[in-house]
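Visitor: Here is my input; please provide its structure:
(one chain, ligands or ions: 1)
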Amino acid sequence: MALFRRAVSLDEAISVIHAALAANPSAPLPVDLQELSASLRRREPLRAVPQPPQDILDAFPEPVGVLESGCRFIASNAALDELLAGRTVDRTVLQATRCAELDEAVARALSGVCERREVTLPGLSKTVQAIATPLPESRALLMIRDLTAQKRAETVRRDFIANASHELRTPVAAITGAAETLLAMSLDDGERAFTEMIARHAARLARLTSDLLDLSKLESGQWPLEMGAYDGITVCESALALVKERAAAKAIHLGADVPPELQIRADARALEQILVNLLDNAIKYTPQGGRVTLLGDGAGDHVIVSVIDTGPGIEPRHQQRIFERFYRVDGGRARSDGGSGLGLAIVKHLTQAQGGEVGVESGRGGSRFWVRLPAA
Ligand code: ADP
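Guide: I've put the predicted structure just below:
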């Protein structure tokens, strides 16, 4: 019978071997012992998994932690413990943060996928950006940036702009009304010139405050979009009708080429504002006697509407920046033309809110501003 099958315990097996070797030190080892020794030689040595270096984690200014499978923290720095209001080591992400989305992000990083998310930590009322990165040995590194103060500052800024624009509307309307009343009276040339200047600047101020109000509504989600299916031709014609007089005043030829079957999925008010802003710019920057064309085009499940002008064009270095607030290629001229510097920023926000994209192609012969929106 084999040695280990006879032996009831390891001690007993060792005594049996001792007894056998005492009787005959050169006796061959029992077969099962030879197998055991061969197995031991084949066995890979146990590698100790290195502990994450605490001094490196502590040197990070941002909160960081290392996690292992089961989304459990095995190391953290003081900044993370402070952010999560307690010691994180040995706790799971769910226990430490009560945030299922963060737990999911870490689980994905543990399975080898890098994750970056903005999440709210419920118990702590904090908004953070979490970056979870896979590490060797089935671990993950979690880095957190506390965005709470930044978000609060953004809300304060947005509220301030919204309140200030709202408060400015009434006095600006009163100035406009008073200037218009004066202009209807008999004035001498000097008085008329000054009153016209007041009316012009009041109109500019009114546009600026209303654009600022629109932008802050868009940013804070207070511009609810009602998406519906709209006939491309009808939408384009009503936008052209709104700018017809401005084009005529500069003898600009307005044209449209929109296929009859074009159906756009959009919010009617937002779409009209996008087209009017783009057409207004095209008319404003195109010299007397030029041409502005509205083009509609179906592209699979998308529709592209372009406003093409024969204006001065925009240099490549300005083309991406003109969608930023108050960015003007020629500050002085654009301002004196009555622009708020916010028109394209509003176009960009409105297009993105409807699941679309906006862009520009421009050269010496003019510009083409395009908006891609879902087809209905
Ligand atoms: P603004 O009120 O100054 O027109 P926008 O945000 O609408 O503000 O446009 C930003 C800038 O982009 C403008 O100041 C102008 O320099 C440039 N721009 C916009 N549209 C055109 C265009 N069709 N042709 C040339 N330049 C343009």
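Visitor: Packing partners of the helix or strand where His18 lies?
Guide: Secondary structure from DSSP states H and E places His18 in helix 10-23. Applying 3 or more CB pairs under 8 Å, 6 or more residues apart in numbering; DSSP states H and E, we find helix 10-23 packed against helix 3-6. Just so you know, the C-beta spots here come from the backbone N, C-alpha and C atoms, and that holds for glycine as well.
Visitor: quick one on the thing from earlier: what average pLDDT does the helix holding His18 get?
Guide: The pLDDT scores in helix 10-23 average 74.
Visitor: Spell out which parts of the stretch 51-200 of the chain neighbour the ligand.
Guide: Within the stretch 51-200 of the chain, no position is adjacent to the ligand by CB under 6 Å from any ligand atom.
Visitor: For the closest residue to the ligand within the stretch 51-200 of the chain, which three-state class applies?
Guide: Relative to the ligand, the nearest point of the stretch 51-200 of the chain is Arg200 (14.7 Å; CB to the nearest ligand atom). Classification of Arg200 by DSSP: H, G, I helix; E, B strand; the rest coil places it in helix.
Visitor: which residues in the stretch 51-200 of the chain form strands?
Guide: 64-68, 72-76, 115-121, 126-135, 139-146 (DSSP state E, counting those that start in this stretch).
Visitor: Looking at the ones you listed, which one is packed in the most?
Guide: strand 64-68 (a mean of 23; mean count of other CB atoms under 10 Å).
Visitor: quick one: contacts of that strand?
Guide: For strand 64-68, contacts defined as CB atoms under 8 Å, 6 or more residues apart in numbering pick out 52, 57, 73-77, 79-80, 88, 93, 106, 109-110, 135, 138-144.
Visitor: Show me the longest helix that occurs in the chain.
Guide: helix 148-183 (DSSP state H).
Visitor: Contact residues of the stretch 251-376 of the chain facing the ligand?
Guide: 281-282, 285, 309, 311-312, 314, 322, 327-330, 334, 339-345, 367.
Visitor: any low-confidence regions in the stretch 201-350 of the chain?
Guide: 331-338 (pLDDT under 70).
Visitor: Going by residue numbers, what spans are helices in it?
Guide: 232-249, 268-285, 316-319, 331-336, 343-353 (DSSP state H, counting those that start in this stretch).
Visitor: closest to Glu35 out of these?
Guide: helix 343-353 (69.6 Å; CB to CB).
Visitor: in the closest one, what counts as buried?
Guide: 343-351, 353 (16 or more other CB atoms under 10 Å).
Visitor: number of nearby residues for the residue of the stretch 51-200 of the chain closest to the ligand?
Guide: By the criterion of other CB atoms under 10 Å, Arg200 has 12 neighbours.
Visitor: State the distance from it to Phe194.
Guide: For Arg200, the distance to Phe194 equals 11 Å [CB to CB, to the nearest Å].
Visitor: And for Ala149?
Guide: 48 Å.
Visitor: if you count what's nearby, which of those two comes out ahead?
Guide: Phe194 (13 against 10).
Visitor: Tell me how many other residues surround Arg364.
Guide: 7.
Visitor: Ala239 reaches Arg269, doesn't it?
Guide: No - judged on CB atoms under 8 Å, Ala239 makes no contact with Arg269 at a distance of 11.6 Å.
Visitor: Of the two, which one has the most company?
Guide: Set Ala239 next to Arg269 and count neighbours by other CB under 10 Å: Ala239 wins out with 23 against 12.
Visitor: Thr120 contacts Cys99, doesn't it?
Guide: Yes - using CB under 8 Å, Thr120 is in contact with Cys99, at 7.4 Å.
Visitor: how far does stretch 54-74 sit from the chain's center?
Guide: 27 Å (CA atoms, centre = their mean, to the nearest Å).
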